[in-house]
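*Asks:* Build me a model:
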Amino acid sequence: MVPVINRIPVEHPSPSVAFYPFAEGGLLCCPGSRQVWVLNPSSAFLWCMLGEVEDFADLVARYAEVFAVSEETGKRDVTEAIAVFRDAGLLAGGVVVDPALEIDYGLPEALGPQLDLGRESFSFRRSFGLADHALELCCSDLDLGNAFASIMGHLSESCSGAVSTQLAVVAAGSEDDVWDIYLDGRGYVEDVSRERVLPHLVTLAFVRFSEAIKANLLFHAAVVGQRGQMILLPGEAGSGKTTLAATLAARGFSFYSDELAVLDIESLRVTPFLLPMSIKPGSVPVLEDCYPGLSGLPVHPRADGKQVRYLMPPVASLPAKGAVGEVQAIVFPRYVSEGDQRMGPLEKGEAMRRLVHTGSSNRDLTARDVEAMIALVEKTPCYELIYCGLDEAVSFIEGLFIKDVRGNDHVWGKGSTG
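*Replies:* Below you'll find the predicted structure:
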């Protein structure tokens, strides 16, 4: 006997949530938030039907007919989908809550006392530029200033125009070899030990440079390529993207970034974001052959508790000033110490879920942002790369290019998994 479904009203979508069709389902976005929800075909169908039907039984009947499932299965699927929508605050009367971003682009609102930069005597004073943003570092200690310049020196030639951000490092009065750091003449952090100064400066540079490009789409991803054809390597911290990008840069690939992919919303072209790579202890033995002397670089404790060595990619891998690249492929890497390697194409819906999870921008999203993400995924081949050996991973990346650096057809060809 077929169970009777009670005639109960269906909750309606929140008027503040926008739906965008996607090749394998759809996307939901709430203007004024940074969150995007990726829907599979069945969830996208149900979302659209919520605004058209008033009765739960009718919704189940339509779903069962379209997806050729039993009424019992339909009732279960519809109930689960509506519960997910409700829990996310997407239905009428709900409240959407943004999750914490993996990359925190913010700085403390309340800064410390002012510093008169004009009255201080600095042993080191130099400007660095990225994304049309000029940053000046003033340092009372020459060694600390030179340490920053050793990993940011390639940006000093790019600096022009008025200074937008000023960083200052001065001796703290509490004890020897302890430092205070100032941001735009206001106290940022005090009593910092020497080995912690550089991580603070790198973080401040990252935040200010990223603020200058916030009109773009920003993804937590490394970017490498050849001849202006670039590959995005999105991934969470610990996925192995930095190690893979560093290896590719040492093997002749152009290096655009190991942390932030910067895409123009209209053209979807990617521009370089050339801050130094943060190499964690586990990657040092793997990269030592490519970067002799890496193990001897200073180890810096970051504010998040991680120990890093700062490394710039080979000079030959750095793009020319003003370079832009076309995104040829999106590859989601994940390093595993052992187990089965998996290298191959990824369904568009799953690729969109993973890309959205890496963050889309450091500002509230607009309709154009979502449309740009959809266009990027729909037009770009997407792949999964689960690897335990760098040689295999590098070979896979090389195989995504139609031609090698000599202009010959590559043995794998575009999109092949070998």
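*Asks:* Please count neighbours and contacts with C-alpha atoms only from this point.
*Replies:* OK.
*Asks:* any idea of the pLDDT on residue 74?
*Replies:* On pLDDT, residue 74 comes in at 94.
*Asks:* same thing with residue 200?
*Replies:* 94.
*Asks:* List the residues that contact residue 111.
*Replies:* 186-188 (Cα atoms under 8 Å, 6 or more residues apart in numbering).
*Asks:* Take those and keep only those in strands.
*Replies:* Counted as lying in strands by DSSP state E, out of the contacts of residue 111, are 186-188.
*Asks:* Quick check: of those, which has the highest neighbour count?
*Replies:* Counting neighbours by other Cα atoms under 10 Å, residue 188 comes out on top of the ones in strands among the contacts of residue 111 with 22 neighbours.
*Asks:* Would you confirm that that residue contacts residue 115?
*Replies:* No. Taking contacts as Cα atoms under 8 Å, residue 188 lies outside contact range of residue 115: 10.8 Å.
*Asks:* Need the overlap of contacts for these two.
*Replies:* With Cα under 8 Å, 6+ apart as the test, residue 188 and residue 115 both reach residue 182.
*Asks:* Residue 333 - nearest residue in space that isn't next to it in sequence?
*Replies:* Spatial nearest neighbour of residue 333, excluding adjacent residues (Cα to Cα, 6 or more residues apart in numbering): residue 385 at 4.6 Å.
*Asks:* Distance of residue 399 relative to residue 222?
*Replies:* For residue 399, the distance to residue 222 equals 18 Å [Cα to Cα, to the nearest Å].
*Asks:* which one of the two has more residues nearby?
*Replies:* Between residue 399 and residue 222, residue 222 has the larger neighbour count (other Cα under 10 Å), namely 28 against 20.
*Asks:* Can you tell me how far the more buried one is from residue 248?
*Replies:* Remark: distance between residue 222 and residue 248 (Cα to Cα) = 11 Å.
*Asks:* How about residue 122?
*Replies:* Distance, residue 122 to residue 248, by Cα to Cα: 39 Å.
*Asks:* what's next to whichever helix or strand residue 385 is part of, contact-wise?
*Replies:* Taking DSSP states H and E as the criterion, residue 385 maps to strand 382-387. Contacts to strand 382-387, defined as Cα under 8 Å, 6+ apart, come from residues 329-336, 340-348, 351, 393.
*Asks:* What pairs with that strand, parallel or antiparallel?
*Replies:* Partner strands for strand 382-387, per DSSP bridges, with pairing direction: strand 326-335 (parallel), strand 342-345 (antiparallel).
*Asks:* Tell me where the stretch 151-300 of the chain has helices.
*Replies:* 194-211, 241-250, 284-287 (DSSP state H, counting those that start in this stretch).
*Asks:* so which of those helices comes closest to residue 175?
*Replies:* For the helices of the stretch 151-300 of the chain, the distance to residue 175 is smallest for helix 194-211, at 11.8 Å, taking Cα to Cα.
*Asks:* what does that closest one contact?
*Replies:* By Cα under 8 Å, 6+ apart, the list of residues contacting helix 194-211 from outside reads 105-107, 130-131, 133, 135, 144, 147-148, 165, 167, 177-179, 181, 275, 299-303, 362.
*Asks:* Quick check: end-to-end length of stretch 175-186?
*Replies:* End-to-end for stretch 175-186, by Cα to Cα: 21 Å.
*Asks:* Now do it, average pLDDT.
*Replies:* Per-region confidence: stretch 175-186 scores 90 on mean pLDDT.
*Asks:* how far is it from where the chain is centred?
*Replies:* The chain centre lies 30 Å from the centre of stretch 175-186; the measure is Cα atoms, centre = their mean, to the nearest Å.
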